[in-house]
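Q: Please find the sequence and the predicted model below.
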Protein chains: 2
Amino acid sequence: MTLEDAQKTLEKCWRPRADVEEVSLKEAGGRILAMEVISKIDLPPFDCAAVDGYAVRAADTFGADEDAPRRLLCVERISAGERPRLRLSKGRCAEIATGAPMLAGANAVVMVEYAVQRGDIVEVRRAVSPGENVFKRGSEIRQGTKIFLAGSGLSPSAIGTLAAIGIGRVKVYMRPRIAVISSGAELAKVGMKLGYGQVYDTNGPAMCEAVKTCGGEPSYLGIAPDEAPQIKMLVKRGLASCDAVIISGGSSAGAGDIAPSVVGGLGKPGVIVHGLAMKPGKPTFIAVVKGKPVFGLPGYPVSALMIFDQLVAPYIRRMAGTRPLTRLTMRAKLGRKILSARGRRELVPVKLVKKGRELLAEPLMKGSGAITALSMADGYIEVPLEQEIVDEGEVVEVVLLG
Amino acid sequence: MTLEDAQKTLEKCWRPRADVEEVSLKEAGGRILAMEVISKIDLPPFDCAAVDGYAVRAADTFGADEDAPRRLLCVERISAGERPRLRLSKGRCAEIATGAPMLAGANAVVMVEYAVQRGDIVEVRRAVSPGENVFKRGSEIRQGTKIFLAGSGLSPSAIGTLAAIGIGRVKVYMRPRIAVISSGAELAKVGMKLGYGQVYDTNGPAMCEAVKTCGGEPSYLGIAPDEAPQIKMLVKRGLASCDAVIISGGSSAGAGDIAPSVVGGLGKPGVIVHGLAMKPGKPTFIAVVKGKPVFGLPGYPVSALMIFDQLVAPYIRRMAGTRPLTRLTMRAKLGRKILSARGRRELVPVKLVKKGRELLAEPLMKGSGAITALSMADGYIEVPLEQEIVDEGEVVEVVLLG
């Protein structure tokens, strides 16, 4: 089954759904808005000075220049945050700070650089036109304006904008909770001493971290040896406490291959996809149980991470309310020829290497088993279904990992 | 003073220093390693099967093909995680699962696809050479190999690699604590009702979020009206509890201009930079008090964010142990001519707009005051010190914000 067919099959029995919660601005950074935001206030909320200087009636300054300054009587001093006391009449001005409210009667501000104050008298040395250096009420944002659509990501500047219109709490999409289970009799938990024949569980921590980078909240349920009762118990626990379950390992056609049948027995419709026409990916399975998806990924760490990226990550992003991600890719020249099987899409992990001014994508050819490839791979390239050879020196698109 | 000179001046009296803490793998994602990591184990820790199949003595399979299969006696079945019981002798084989330890005497694995088992007899239909389909002990990572250098970022695959070699706790750089203060008599806290002449504090939440994106931990100390005692109290509090202080507003040459003198009075050397030869940035100041830096940023939100990006962010990143960031930039055609003052570097906020197949950078020309520009600006372009005009249609480098 191709990846696309597997996705269609899954979406026939399950649709990713994004839940909503309300958080304060302090916690909202990096989250995704689940509401549209309409400003309840004008911004600025009042006419105010855009510069430090003197609020004037513009007509009083007409004709003013270095040689013919206009003299005005300074009657008030308005700091930011203060309410002006007076109404400005002809021939008068008020010292005003940036952001301070304009006083009635004034319609422009002379920048401090173009005025000289001596006692109560201000010499204005440049004319201003009506409205000059004044921020009009609502000129930035008018009350009732839609500022953000649902689905917007909350960057520092978006957080600032929400603050500017006085919005301190927002509805955002909840982080979907994703259970992570590692299956395999050979797995030992990091921190334990390795017994003979054991290796440390690599996929557990790696999958948890990958879930986080998609906006999900991982719940690591631990290691299930390849035995039905333990797998059953952990998957059931994941289904009860989380929105989806990822189980890696335990799904190849080998000696300890029991995860799909155990998961399939937990409820309808059970396993709906088993095996993807892609390398790696043969042992991948997808089940839906109690309305929640269970993704069975390969046991090999690099394979698990690539299949996660292709199959699982887009669903977690949708459950987190994120719009489909434009994948980060880089173009590079292939460093070594790749041979691929026809009729199967192949994902080849590559390391990016700078060679002179060129960027080379070096395939990591150790087979899908290389654990080191995890730390060496910068990304992977896709060889399409029908293609058998990608030549050395060909320009390829590298999908970046992590 | 140019930005570069300001940086030199600062670094004469203060050097960003990265502190170190130890965390578990679970908390380590996205952090920066403060140690080199050397593997204490071989990976794999034992010779193991790279595929599901039959462990054999390679010589027993020589000459085998579809027409002339070799018949071997299957004497054992080894699952992953199991210790083999036997030593393989001539003419015999053992069923073996991927990742299971090889048994003594065997030196290759025949893939299950090329063998047929009938009772105890396995027909091998393809020859294997010594070492084929076997992962040798230490072939991935040899004990004593340096896996990561200090300064490496911990991506999902790096977390996986650490797990693979059994490392459950790592030393990472601490997130520097950065005090954030907003100064201005006109500022109201988000959540309060606006009084006449007041605007909501935008910089506080925006700066906190910007600090987070650089790997810092913000501590928002609130609003100081432009009055000496309050500014003094909050800055002192920031210096006592944090590694650096950011105060925005209160530093222009206007009516309420007291932050630099108050901060300067708190200790030696005090204010070492006041005013940058860049727009925005004139009111920027830098002080060092009690061995910690205080950054005074403009009050206008977009200006504050751009100066943060240029001046403060690189220091927070260094305090967080991150290597200097390759700034994310995009090339775009300038949508409208820009006039700039000679002798002053200008940062112009721009919005990126797709027009047909072209990407245009539209300058947001409302002056440095626009609060809306915060949510509209995708980034900014830099007009160098000596340049006065950038023409419409010129290709410019847009530094992306947020």
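A: Arrived safely, thanks for sending.
Q: next one: phi and psi at A:Cys214?
A: Backbone torsions for A:Cys214, taken as degrees, to the nearest 10, come to phi -90, psi 0.
Q: Could you measure from it over to chain B?
A: Between A:Cys214 and chain B the computed distance is 10 Å (Cβ to the nearest Cβ, to the nearest Å). Just so you know, the C-beta spots here come from the backbone N, C-alpha and C atoms, and that holds for glycine as well.
Q: Could you do A:Asp201 as well?
A: Plainly put, A:Asp201 is 6 Å away from chain B if you go by Cβ to the nearest Cβ.
Q: need the contact list for that residue.
A: For A:Asp201, the contact set (Cβ atoms under 8 Å, 6 or more residues apart in numbering or on different chains) comprises A:Ser182, A:Gly184, A:Leu187, A:Ala188, A:Lys189, A:Val190, A:Ile223, B:Ala163.
Q: if you set the cut-off to 10 Å instead, what comes out?
A: Listed by Cβ atoms under 10 Å, 6 or more residues apart in numbering or on different chains, the contact set of A:Asp201 reads A:182-184, A:186-190, A:192, A:207, A:220, A:222-223, A:248-249, A:301, B:160, B:163-164, B:166.
Q: among these, which are in helices?
A: Residues of these located in helices (DSSP state H): A:Met207, A:Pro301, B:Gly160, B:Ala163, B:Ala164.
Q: could you list every residue that touches the third one?
A: With contacts defined as Cβ under 10 Å, 6+ apart, the neighbours of B:Gly160 are A:200-210, A:301-302, A:304-305, A:371, A:374-375, A:402, B:25.
Q: Please name the nearest non-neighbouring residue to it.
A: A:Ala206 (2.9 Å; Cβ to Cβ, 6 or more residues apart in numbering or on different chains).
Q: which non-adjacent residue is nearest A:Val56?
A: In this structure, A:Val56 finds its nearest non-sequential neighbour in A:Cys93, 4.7 Å apart by Cβ to Cβ, 6+ apart.
Q: what is the one you found paired to in the beta sheet?
A: In this structure, A:Cys93 has the following beta-bridge partners (DSSP bridges): A:Cys74.
Q: Was I right to think it contacts A:Arg57?
A: Yes - with contact defined as Cβ atoms under 10 Å, A:Cys93 and A:Arg57 form a contacting pair (8.2 Å).
Q: Between those two, which contacts overlap?
A: If you check A:Cys93 and A:Arg57 against Cβ under 10 Å, 6+ apart, the residues they both contact are A:Leu72, A:Ala106.
Q: Looking at the two, which one has more neighbours?
A: Counted by other Cβ atoms under 10 Å in any protein chain shown, A:Cys93 and A:Arg57 do not tie: A:Cys93 has more neighbours, with 29 against 20.
Q: list the contacts for that one?
A: A:Cys93 sits next to A:53-57, A:60-61, A:70-76, A:103, A:106, A:109-110, A:115, A:117, A:121-122, A:124 when contact means Cβ under 10 Å, 6+ apart.
Q: residue ranges of the strands in the stretch 251-400 of chain A, please?
A: Assigned by DSSP state E, counting those that start in this stretch, the stretch 251-400 of chain A shows strands spanning A:269-274, A:278-279, A:285-289, A:292-297, A:329-334, A:338-339, A:345-355, A:358-363, A:379-383, A:389-390, A:395-400.
Q: rounded to a whole number, what's the mean pLDDT of the second one?
A: This predicted structure assigns strand A:278-279 an average pLDDT of 82.
Q: Then the fourth one?
A: Predicted confidence along strand A:292-297 averages 96 (mean pLDDT).
Q: any idea of the angle it forms with strand A:269-274?
A: 30 degrees (axes from the mean of the first three to the mean of the last three Cα atoms, to 10 degrees).
Q: Domain parsing of chain A, as residue ranges.
A: As recorded under automatic domain parsing, the domains making up chain A are A:3-17+A:175-319, A:20-43+A:141-173, A:48-135, A:329-400.
Q: on that earlier part again, out of the ones in helices among the contacts of A:Asp201, which end up buried?
A: The neighbour-count criterion (16 or more other Cβ atoms under 10 Å in any protein chain shown) marks A:Met207, A:Pro301, B:Gly160, B:Ala163, B:Ala164 among the ones in helices among the contacts of A:Asp201 as buried.
Q: if I look at the second one, how far off is chain B?
A: Right, A:Pro301. Between A:Pro301 and chain B the computed distance is 5 Å (Cβ to the nearest Cβ).
Q: can you count the residues close to the closest residue in space to A:Ile141 that isn't next to it in sequence?
A: In space, not counting the residues next to it along the chain, A:Ile141 is nearest to A:Leu43; the distance is 3.9 Å by Cβ to Cβ, 6+ apart. Look at A:Leu43: counted by other Cβ under 10 Å, it has 25 neighbours.
Q: Run a quick check on A:Leu43 versus A:Ile165, I expect a contact.
A: Yes - here A:Leu43 reaches A:Ile165: they are 6.1 Å apart, a contact under Cβ under 10 Å.
Q: Give me the common contacts of the two.
A: Overlap of the contact sets of A:Leu43 and A:Ile165 (by Cβ under 10 Å, 6+ apart) consists of A:Glu140, A:Ile141, A:Gln143, A:Thr145, A:Ile147, B:Val199, B:Tyr200, B:Thr202, B:Ile371, B:Thr372.
Q: Where does the fifth one sit: helix, strand or coil?
A: Put plainly, it is A:Ile147. Three-state assignment for A:Ile147 (DSSP: H, G, I helix; E, B strand; the rest coil): strand.
Q: And it, how close does it get to B:Arg177?
A: Counting by Cβ to Cβ, to the nearest Å, the gap from A:Ile147 to B:Arg177 is 31 Å.
Q: For chain B, what's the nearest residue on the stretch 201-350 of chain A?
A: Minimum separation of the stretch 201-350 of chain A from chain B (Cβ to the nearest Cβ) falls at A:Ala206, amounting to 2.9 Å.
Q: A:Lys40 touches A:Leu162, doesn't it?
A: No - contact criterion Cβ under 10 Å: A:Lys40 and A:Leu162 do not qualify, at 11.7 Å.
Q: Who has more neighbours out of these two?
A: Of the pair A:Lys40 and A:Leu162, A:Leu162 is the one with more neighbours under other Cβ under 10 Å, namely 28 against 10.
Q: Could I get the pLDDT score of the more buried one?
A: With respect to pLDDT, A:Leu162 scores 93.
Q: What sits closest to it if chain neighbours are left out?
A: Closest residue to A:Leu162 in three dimensions, ignoring its sequence neighbours and counting by Cβ to Cβ, 6+ apart: A:Leu25, at 6.1 Å.
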